[in-house]
Structure formats: structure tokens, C-alpha cells
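Chemist: Would you be able to build a 3D model of this:
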Amino acid sequence: MSDGEATTTGHRLYAGDHAAQALGLVLDEVGAGHARISMAVREDMINGHGICHGGLIFTLADTAFAYACNSRAPSVAVHCTIDFLAPARLGERLSAVAAETALEGRSGFYDVTVTNECGATIALFRGVSRQIMRRP
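Modeler: Numbering: from 1, shown residues only. Here you go, the predicted structure:
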């Protein structure tokens, strides 16, 4: 799939992605095998330690992964891991950049780096996707 086709697919997916929209996730860029999604850390995303809830950082990274792998073909996640390196704080703008590292048959491998607006790495995510077969 070309970058133009991937961009069209990404915008079509975003139009129906009510979860991403409700969380304020923004589709900044999508192309063949890559995507960038961003979000502002809001007060309702802060946990009891006064930092962004890790599940929301995971969601940001997972969303970038989803857009990157779906730029190739309809796909779902089969395995994901995340390592948190630094806390994200109220008011920070986080960006998740997903990059395809390998394709093997119907499986895709993607690395996602989550950073804040100063460029500090907040989390590293790795996802494995599987292209799905559409039923008629």
C-alpha cells in the first residue's frame, strides 16, 4: 500500500475510532508501516501518584501501533509489551511514533516510542500484529 492509500485508510479508521477521539488522541501522521499519534495529558488521566496513568500511555502507544499495522492491511494485535521509562505529567503533550520493523507472512512487528514535547522518552512499546481475513 502506498503512503497516500495508507493516509486515506488511517483517516477512515480515525473517523470510526470513538475511543481515540474520546481520549483526545490526535492522528498526526500515518503512512505505509508507520504512524504518529499524540495526546495532551489531562487532569482526568492522572493517577493517585500525580502522574499519567500507565494504561493511558499504553493506549496511546497501542493506537499508534494499530494505525501503523492497519496501513498495510486489516490487522489486529496478537502481542504487545511496554516498558515505562519516565513519568508523564499533567499538561505534557505526548507523541507515540510507530515504525514497522519486519513483515513475515501475515505477521507484522512494530516498535513504538512515546516521548514528551521535550523529547524525553516516556515509554517503549513493541507490538506484533496479524492480518485478518475479512468474511464475505
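
Chemist: Flag every buried residue along stretch 120-130.
Modeler: 122-123, 125-130 (16 or more other Cβ atoms under 10 Å). Glycine gets a C-beta too; all of them are placed from N, C-alpha and C.

Chemist: cool, stretch 64-83 as well?
Modeler: Across stretch 64-83, burial judged by 16+ other Cβ under 10 Å covers 64-73, 75, 80, 82.

Chemist: And the buried residues of stretch 120-130, which two are furthest apart?
Modeler: Spatial extent of the buried residues of stretch 120-130 (Cβ to Cβ) is set by the pair Ile122 and Arg130 at 27.0 Å.

Chemist: Need the residues that contact stretch 7-22.
Modeler: Contacts to stretch 7-22, defined as Cβ atoms under 8 Å, 6 or more residues apart in numbering, come from residues 1, 25, 27, 30-31, 35, 37, 59, 63, 66-67, 70-71.

Chemist: where along the chain do the helices fall?
Modeler: Using DSSP state H, the helices of the chain run over 3-15, 18-22, 54-70.

Chemist: Looking at the first one now, give me its mean pLDDT.
Modeler: The pLDDT scores in helix 3-15 average 84.

Chemist: contacting residues around stretch 63-71?
Modeler: 1, 6, 9-10, 13-14, 17, 20, 25, 27, 30-37, 75, 77, 80, 96-100, 108, 110, 112, 125, 127, 129.

Chemist: Can you flag which of the residues you listed belong to strands?
Modeler: The members of those that map onto strands under DSSP state E are 27, 30-31, 34-37, 75, 77, 80, 96-100, 108, 110, 112, 125, 127, 129.

Chemist: Can you select the buried ones from those residues in PyMOL?
Modeler: In PyMOL, a selection of the buried entries from those looks like this (16+ other Cβ under 10 Å):
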select buried, resi 27+30+31+34+35+36+37+75+80+96+97+98+99+100+108+110+112+125+127+129
